[in-house]
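Asker: how does the following fold in three dimensions:
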Amino acid sequence: MAVFTELSCDEVAAFFRALGLGQPRSVRGIMNGIENTNYFVDTDGAEYVLTLFERLTLEQLPFYVHFMKYLAVRGMSVPDPVANADGAILHSLKARPAVVVNRLPGESETGPMAAHCSSVGEFLARLHLTGLDYPRRQANPRGLEWWNEVVPVVGRCVSDRQRLLLASELAFQNEIALSSTYRQLPWGPVHADLFRDNVLFEKGVLSGVFDFYFAGCDAFLFDVAVCLNDWCVDTRTARQDATRVAAFLGAYESVRALTPSEHVLLPAMQRAGAFRFWLSRLCDLPRQAALLKPHDPSHFERMLRVLRGEIASS
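Answerer: Predicted structure coming up:
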């Protein structure tokens, strides 16, 4: 989340009136993230998040917003997109696609303990099972095909040592994707970006999961790996915490047991998760924005080297 497109209070008020949401009392820009413009908007009756999409087009968005609606209708703690009088949940504001969702309660947990990891593991497994019947299909927008496209591009902008790592890991991941074990992995809609700052807790209880705008269809194991790489890792050393890993996987498997192929490929998929976010952070250099908090690419490079055994894991 960030603010690339600045909106006046009058512009937000007119937009909210058209949706029948009442008069905004406050409008505040949100600085977290790097993809979209986001505002907290409070009215007399409720609290909302207004998102303007800076990169995604109106044609690309239905998978994401309808997936949120699909999960919300089924009782999951995710943002519920607001429909207009015609039932549409995708709108337009200042020549950009826009969506309004309810603001979920709680705060992000930046220093998760085992109990937080357990809650996230259980939620992710329920999301995977609930999403099996979601009718829309869209490939993970930052999956293997994207990696093959961008590695030659970012390779021109990094050191020789980093370029060798990019090429080596890409070759490894392409080989894994061709294996019979990989083809046996269960697939379906995944969140693909379930980091600590995309989950809310209220009094220690998971109260919401948001930011579905990197979702797509991929191996469920990729989603598991992304979570392990963030929730169960020491951010200073990029090394895993065994207690948190056990809590996350134990809770996940209490809802959906991992298959034999998933157990075999979990280490490779954790490398895939680290590789994906190293690549995206190399690509997503800070753009001009009124509010923006950039991410550091080096964390996931270090994590990838740890997972590859190039840096001692303890």
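
Asker: please count neighbours and contacts with C-alpha atoms only from this point.
Answerer: Fine.

Asker: in contact with the closest residue to Thr259 other than its chain neighbours, which residues?
Answerer: Leaving aside its sequence neighbours, Thr259 sits nearest to Leu185 (C-alpha to C-alpha, 6 or more residues apart in numbering; 7.7 Å). For Leu185, the contacting residues are Ala219, Phe220, Leu221, Thr259, Ser261, Glu262, by C-alpha atoms under 8 Å, 6 or more residues apart in numbering.

Asker: now those: which count as buried?
Answerer: Buried members of the contacts of Leu185, counted by 16 or more other C-alpha atoms under 10 Å: Ala219, Phe220, Leu221, Ser261, Glu262.

Asker: my read is that the last one contacts Leu221, right?
Answerer: Yes - assessed by C-alpha atoms under 8 Å, Glu262 is found in contact with Leu221 at 6.4 Å.

Asker: Leu90 versus Ala18, what's the distance?
Answerer: According to C-alpha to C-alpha, to the nearest Å, Ala18 stands 13 Å off from Leu90.

Asker: swap that for Arg74, sorry
Answerer: Going from Arg74 to Leu90 by C-alpha to C-alpha gives 20 Å.

Asker: give me the more crowded residue out of the two.
Answerer: Taking neighbours as other C-alpha atoms under 10 Å, Arg74 and Leu90 compare with Leu90 leading, 18 against 12.

Asker: give me the nearest residue to the more buried one, chain neighbours excluded.
Answerer: Once flanking residues are discounted, Leu90 sits nearest to Val99: 5.5 Å by C-alpha to C-alpha, 6+ apart.

Asker: any idea which helix or strand carries that neighbour?
Answerer: Element membership for Val99 (DSSP states H and E) is strand 96-102.

Asker: and the next helix or strand past that strand?
Answerer: helix 114-130.

Asker: which residues does the next helix or strand after that following helix contact?
Answerer: Per DSSP H and E, helix 114-130 leads on to helix 144-154 as the next helix or strand towards the C-terminus. Helix 144-154 is contacted by residues Leu166, Ala167, Leu170, Gln173, Asn174, Arg276, Leu279, Leu282, Cys283 when judged by C-alpha under 8 Å, 6+ apart.

Asker: Glu54 is in contact with Asn36, isn't it?
Answerer: Yes - contact criterion C-alpha under 8 Å: Glu54 and Asn36 qualify, at 5.3 Å.

Asker: so what sits against both of those two?
Answerer: Shared contacts of Glu54 and Asn36, defined by C-alpha under 8 Å, 6+ apart, comprise Phe4.
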